[in-house]
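In: Model the structure of this input:
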Amino acid sequence: MKRHAPHSRRKCASADLTRVSSSLSPAPVSGDASTTTTAPEIALWEIAIPPSIRAAADWLGDQIAAAAAQNDFPALLRFTRDRAFVLLNYFCITDLAEVSRLRRTDIALDAAAMTIVLGGQRRALPSNTSRFCPVAALRIWLSLSEIRDGPIFRRVKGNHQLSAEPLSPGELKNIFRQSTLLAKTGD
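Out: Alright, predicted model coming up:
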C-alpha cells in the first residue's frame, strides 16, 4: 500500500469528492427535447432492497459528502469503507467472518462486473449505475484506500493510514448495526 504524507492525502480527498459524490447522485434522465430532469435510476432488483439498507447506504453517502466537504480524510475513508461493506454484505448475504477474511486477491474487477471469492465460492456481481451498486461502492473504497493487497476491510487510523489487520466480525457487525440505527434516527 502506498503511503502519502497527510497534506497530499488531503488534496486527494478533494479530488476524490467529485468522483465519490457523482457515484452517489441520481442519474440524469432526459424528458422531452426541451427539458432534462434528474431522477434515480430504478431497476427491478433495486426495489427489493430493504428500507433499512437503502437508508443506511444513503446516510453513509451523506456522511461521505460531509467528510469530504470538511476535508476530513480519516472520516471519508471510514464512511466509504462502511458503505462498501454494508452494500457488499447485503448483496452477497454472507457470514461476517468470511467478509473479515476477504483479501484483495479474492476480488477481480472489470468495467462490467466484479468476481468475488467468499467462503470458497466464486460469485459474480454485475456493475450498474444505481446508487446502491455494491460493485461501484467497493471500487470507490479500493481506489480511495489504495489497497493493492491484504485485507479489504481494515481499521482507519487517525493519521490518514489504514491498519494492516482486518476488522473483526464483531467490528463489522457493529458497523452494520450503527449504520442502520443512525440512518433510522437521522443522527
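
In: now the residue nearest to the spatial centre of the chain, what's its secondary structure?
Out: Central residue of the chain (C-alpha atoms, centre = their mean): Ala84, 2.6 Å from the mean position. Judged by DSSP: H, G, I helix; E, B strand; the rest coil, the three-state class of Ala84 is helix.

In: you'd agree Leu88 is up against Ala137?
Out: Yes - taking C-beta atoms under 8 Å as the definition, Leu88 is a contact partner of Ala137 at 7.0 Å. Using the backbone N, CA and C atoms, a C-beta is placed for each residue, glycine as well.

In: Pick out whichever of those two has more residues nearby.
Out: The neighbour count for Leu88 versus Ala137, taken as other C-beta atoms under 10 Å, is higher for Ala137 (27 against 24).

In: Stretch 89-100: which residues count as buried?
Out: For stretch 89-100, the neighbour count (16 or more other C-beta atoms under 10 Å) marks Asn89, Tyr90, Phe91, Cys92, Thr94, Leu96, Glu98, Val99, Ser100 as buried.

In: Correction: the previous question concerned stretch 68-76.
Out: By 16+ other C-beta under 10 Å, the buried positions in stretch 68-76 come out as Ala68, Asp72, Phe73, Pro74, Ala75, Leu76.

In: Which pair of those residues spans the longest distance?
Out: Longest distance between any two of those is 11.8 Å, between Ala68 and Pro74; criterion C-beta to C-beta.

In: could you pull out the helices for this protein?
Out: In the chain, the helices defined using DSSP state H lie at 6-24, 44-47, 51-69, 73-92, 96-101, 134-145, 169-185.

In: by contact count, what packs against the last one?
Out: Helix 169-185 sits against helix 51-69, helix 73-92, helix 96-101, with contacts defined as 3 or more C-beta pairs under 8 Å, 6 or more residues apart in numbering; DSSP states H and E.

In: Which one, of those helices, ends up nearest to Ile116?
Out: helix 73-92 (6.9 Å).

In: now that closest one against helix 169-185, angle please.
Out: Angle, helix 73-92 to helix 169-185, by axes from the mean of the first three to the mean of the last three C-alpha atoms, to 10 degrees: 100 degrees.

In: what's the angle from helix 73-92 to helix 134-145?
Out: Using the same axes, to 10 degrees: helix 73-92 against helix 134-145 is 150 degrees.

In: What helices and strands are in contact with helix 73-92?
Out: Looks like helix 73-92 contacts helix 6-24, helix 51-69, helix 96-101, strand 113-118, strand 121-126, helix 134-145, strand 154-156, helix 169-185 (3+ C-beta pairs under 8 Å, 6+ apart).
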